[in-house]
Structure formats: C-alpha cells, structure tokens
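1. I would like the atomic coordinates for the input below:
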Amino acid sequence: MYKVLTVKDLESGYGSMQVLWKPSLQVKEGTITSLLGPNGVGKSTLLVTVFGSIEPWNGRIYFGDQDVTNLPSHKKVEMGLALAPEGKHLFPKMSVYENLSMGAYRKKALAHKEESLKLVYTLFPRLKERKNQMAGSMSGGEQQMLTIGRALMTKPRLIMLDEPSQGLAPKLVGEVFETIKKMKEEIGLTILLVEQNASASLDAADYVYIMHEGLIKAEGKPEEIKGSPEIREAYLGM
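-> Numbering: from 1, shown residues only. Take a look at the predicted model:
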C-alpha cells in the first residue's frame with residue numbers, strides 16, 4: 001500500500017527543550033492511523049513539526065515520495081497536507097461560511113470550493129444550518145466540526161486531526177468519530193489522528209502508534225494493542 005506520509009527519526013522541540021526523540025512512523029493511503037499516549041508526550045509537537053509550524057532539528061519527513069522536511073506549511077498545504085489543530089484557531093467574528101471559505105484559498109481548492117462546501121455540509125449538517133452564525137458564538141462541539149471542515153476545504157490528501165474530541169460531551173464524541181470514519185470510507189481520505197480518547201481511537205483506527213516521552217514505544221493493529229495488557233496499562237490507562 002502506498003505510503004502518504006513517512007516520518008524518520010524526527011527531532012524537534014521549543015527553544016532548547018527537546019520534545020521529540022527520534023520517533024518514526026508511516027501513514028498508508030486510505031487508512032486511519034492513530035497516535036496515542038498520555039498528555040504531554042509529544043503527539044501534538046509531532047503534528048506541528050510535520051506540518052511545518054515548527055522547524056525540525058533532525059530527521060526526515062516524506063510526503064509521498066518527496067522530501068518535505070524543511071518545506072514551509074503553505075507549500076505542504078498546496079501538496080495536499082492539512083492540519084485541524086487542537087484549540088480550534090477559528091476566526092470568531094466571522095461566520096461559519098466565511099471561516100470555511102478561508103480554507104479554500106489555494107488555487108486547486110478554490111476551483112473546487114462549491115463541491116467542497118457541499119461535502120462539508122453533508123458531513124456536518126449542523127454547519128449548513130449555522131452557516132451565517134458567527135463562529136465565536138457556537139458551542140465547543142460545533143467549533144470542532146468547523147475546524148475539521150475548514151481543513152477539508154483545502155482538498156487534502158492527508159488530514160491530521162489533533163484531539164478532535166477534546167472537551168466534548170460523550171454523545172458528540174461519538175458523532176465526531178462517526179464523521180472521521182465517513183471521511184475515510186466515503187471520501188477515501190487518509191487520516192493521522194492524535195487523540196486522548198484511547199478506546200474511540202482504537203475502534204476507528206487501521207493502525208496504531210503509542211508515543212511516550214517523545215518516542216514511539218509500541219505499534220500494531222488495534223486488536224494487537226487491545227490484546228496487550230502491558231501496553232494498555234503502561235501507556236493508555238485502560
């Protein structure tokens with residue numbers, strides 16, 4: 001199966017503080033790959049380093065066959081890489097529709113804007129209902145949907161989702177994960193998912209990496225991870 005993303009021995013951090021200590025992983029086309037582990041172990045840092053928001057210190061990042069290690073974020077977006085970051089990062093005083101439109105800024109995305117909008121509204125009917133509402137006045141769950149929707153407007157090949165269920169009520173967590181599965185099954189999107197909710201992630205994933213202290217400590221199919229009491233107790237608190 002074609003590898004959309006390959007990360008090799010990645011090192012990065014903030015200032016002089018090293019957070020990533022050479023984790024390596026692969027994301028195969030048309031799959032959901034989950035990156036699990038406790039809070040503060042470097043999962044989000046890995047995503048923002050791959051995306052280009054912070055510069056890698058060492059290691060390589062490949063998008064398809066291309067080395068994109070030091071490419072800026074906007075170039076990666078043009079190639080089809082999208083990030084739906086933790087903490088929403090919306091334009092609160094702009095409407096839902098205007099926030100979504102901001103996602104379709106690159107040429108290829110602009111050409112398919114109406115088609116992408118239709119897709120986002122199909123995946124998230126609530127965003128269609130609220131398209132004229134100010135983003136800042138929406139509930140946490142709706143803002144989460146809008147963050148994912150805006151990333152989808154870039155027409156990505158690979159979307160990285162950072163803690164999509166964070167702070168959501170259990171019913172909404174279920175809805176978000178149903179939508180993530182639809183993104184794979186109905187649109188054929190490739191997804192790299194960082195998530196605290198280990199059981200929902202394991203249910204959605206095709207392949208799982210466990211991260212701890214900036215390193216990949218274990219990997220395997222979800223059933224292998226579920227079937228290992230040592231891994232579950234040591235890293236997932238299950």
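
2. Now tell me what touches stretch 127-144 from outside.
-> Identification of contacts with stretch 127-144 by CB atoms under 8 Å, 6 or more residues apart in numbering yields 88, 90-97, 99-100, 120-121, 126, 145-146, 149, 164-169, 172, 175-176. For the C-beta atoms, the positions are set from N, CA and C on the backbone; glycine is no exception.

3. Only the buried subset of those, as a ChimeraX command please.
-> A single ChimeraX command suffices to select whichever of the contacts of stretch 127-144 are buried according to 16 or more other CB atoms under 10 Å:
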select :88,90,95,96,97,99,100,120,121,126,145,146,149,164,165,166,168,172,175,176
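
4. Keep only those of the contacts of stretch 127-144 that are in strands.
-> Using DSSP state E, no member of the contacts of stretch 127-144 falls in strands.

5. Helices along this structure, start to end?
-> All helices of the chain, identified by DSSP state H, fall at 43-51, 73-79, 96-103, 107-111, 113-123, 125-129, 140-152, 170-185, 198-204, 222-226, 229-231.

6. so who does Ser44 touch?
-> Residues in contact with Ser44 (CB under 8 Å, 6+ apart) are Glu86, Asp162, Glu163, Val194.

7. okay if I get the residues you listed as a markdown table plus neighbour count?
-> Shown next, in a markdown table, are those (neighbours: other CB atoms under 10 Å):
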| residue | neighbour count |
| --- | --- |
| Glu86 | 19 |
| Asp162 | 22 |
| Glu163 | 21 |
| Val194 | 22 |
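
8. re the thing from before, mean pLDDT lowest for which of the helices of the chain?
-> Note on these: lowest mean pLDDT is at helix 107-111, with a mean of 84.

9. buried set for that one?
-> Buried residues in helix 107-111, counted by 16+ other CB under 10 Å: Ala109.

10. can you dump the C-alpha coordinates of that helix into CSV?
-> This file holds the C-alpha atoms of helix 107-111, laid out as CSV (Å, rounded to 0.1, in the frame of the first residue of the first chain):
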residue,chain,number,x,y,z
LYS,A,107,-5.8,27.5,-6.5
LYS,A,108,-6.8,23.9,-6.6
ALA,A,109,-9.1,24.3,-3.6
LEU,A,110,-10.7,27.5,-4.9
ALA,A,111,-11.6,25.7,-8.2
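
11. ok, residues contacting it?
-> With CB under 8 Å, 6+ apart as the test, helix 107-111 has contacts from Glu78, Gly103, Ala104, Ser116, Met153, Thr154, Lys155.

12. is it true that the first one touches Leu71?
-> It stands for Glu78. No. The pair Glu78 and Leu71 fails to qualify as a contact (CB atoms under 8 Å) at a distance of 9.4 Å.

13. tell me the domain boundaries of the protein?
-> Domain ranges of the chain: 1-80+157-238, 87-155, per automatic domain parsing.

14. roughly how far is the first one from the heart of the chain?
-> In other words, domain 1-80+157-238. In terms of CA atoms, centre = their mean, to the nearest Å, the centre of domain 1-80+157-238 is found 7 Å from the chain centre.

15. which strand is the longest one in the chain?
-> Taking DSSP E as the criterion, the chain has its longest strand at strand 3-14.

16. Now do that strand: which elements does it pack against?
-> Under the contact criterion of 3 or more CB pairs under 8 Å, 6 or more residues apart in numbering; DSSP states H and E, strand 3-14 touches strand 17-21, strand 25-28, helix 43-51, strand 58-63, strand 190-194.
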